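Asks: Build me a model from this:
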Amino acid sequence: MDVIIIVMNLILIGYLLKYLKLLKESDRIALNNIVVYITMPATIFLTIMTKVSPSDLFEFLKLPFAIILTDLICGVLSYFVGKSFLKLDNKSLGGFILVCMLGNTGFLGYPIAYGFYGDDGLARAIFCDMGGVFATMLFGTYVGIKFGKNSGNILKEFLRFPPLITGIFTIILIFFGIKLNNFPSFIIKTLEYLSSATIPLIMLSLGLSLSPSAAKFGVFYGILASLFRFGVSPVAAYSLSDIFLINGLEKKILVIESAMPSALMTLVLSTLYELDVKLVASCCFITTALSLGIIPIVYSLVEILLI
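Replies: All right, here's what the predicted structure looks like:
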């Protein structure tokens, strides 16, 4: 529970900074840019170089594939629910699919995995997040183009996301046997300083992003999205872990990462492709708020069932 309390406190600080007008909600863009372009790549590089050996790569690389398939399952099921049962128009249907399909494997997944399992958990969470990024760029862009109004370039979006590029680059280095001590100590120390800022900045940014007033526009959809994020998604991930023969800590992190709330990136996608932004904002807030109570339950179940 200490992990969740720490996460809640950091998010609350971010929200209070906005409430007290010391920071504006728009300031999260600057914080996100610092995280995405500077501190998160440093964290990814150091963690993978430190915690992943060439012999581990095959097992670790199962995680992004499992996350991609999990997101795809949630996306397909949410499409049928939104289309056949809820009778949503295209804008709302696209937004509903996004919040049900895409989880916050990075901006909330990193602190949660690190808090529960330390650097070992964070290393595996990074690989899960790589799958989440692929799903966001591929499936998220497809949903936006199909149900929204604007076109997009998937390759361009990939190339604009440094954490993914850093992850792939670091995996290549490990594959060729390059180790962290092959780099000058001043570079490693610089990266360590930058990396230490990643999780606090992520939490502050998340606090700035949350808007309780947005919840009133779609409480019903927020609850439905929560059923997908905290029910369908971890069950699918657990089932896929058996198919892919994923065990041990990898399996625990996979299930926990699959139970993350709706990704804040869905807000960016819904704005870019002119989907139902109010529905998406509502679902992001509701699933994130509920996750702080549900994730400890998921963690407890994982520890009991996956001994």
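Asks: Would you indicate which residues of the helix of greatest length in the chain are buried?
Replies: Assignment by DSSP state H gives helix 277-305 as the longest helix of the chain. Neighbour counts over helix 277-305 (16 or more other Cβ atoms under 10 Å) mark 277-292, 294-296, 298-299, 302 as buried. Any C-beta I mention is one placed from the backbone N, CA and C, and that applies to glycine too.
Asks: Near the residue lying closest to residue 124 once chain neighbours are set aside, how many other residues are there?
Replies: Excluding the flanking residues, the one nearest residue 124 by Cβ to Cβ, 6 or more residues apart in numbering is residue 253, at 4.0 Å. Residue 253: 28 surrounding residues under other Cβ atoms under 10 Å.
Asks: ok now do residue 253, which residues does it touch?
Replies: 63, 113, 117, 121, 124, 125, 128 (Cβ atoms under 8 Å, 6 or more residues apart in numbering).
Asks: which one of those residues sits closest to residue 272?
Replies: The shortest gap between residue 272 and any of the contacts of residue 253 belongs to residue 128, at 24.3 Å (Cβ to Cβ).
Asks: so what's that closest one closest to, chain neighbours aside?
Replies: residue 257 is the one closest to residue 128 (Cβ to Cβ, 6+ apart), at 4.1 Å.
Asks: May I see the buried residues of the host helix or strand of that neighbour?
Replies: For residue 257, the enclosing helix or strand under DSSP states H and E is helix 248-258. Buried residues in helix 248-258, counted by 16+ other Cβ under 10 Å: 249, 250, 251, 252, 253, 254, 255, 256, 257, 258.
Asks: Quick check: the gap between the fourth one and residue 19.
Replies: I take that to be residue 252. Using Cβ to Cβ, to the nearest Å, residue 252 is found at 36 Å from residue 19.
Asks: residue contacts, the closest residue in space to residue 7 that isn't next to it in sequence?
Replies: Spatially, and ignoring its direct neighbours in sequence, residue 7 is nearest to residue 111 (5.5 Å; Cβ to Cβ, 6+ apart). Residues near residue 111 by Cβ under 8 Å, 6+ apart: 3, 7, 10, 199, 202, 203.
Asks: how near is the first one to residue 100?
Replies: Same thing as residue 3. 26 Å.
Asks: From what I see, residue 94 and residue 142 are in contact.
Replies: No - the pair residue 94 and residue 142 does not pass the contact test of Cβ atoms under 8 Å, sitting 9.9 Å apart.
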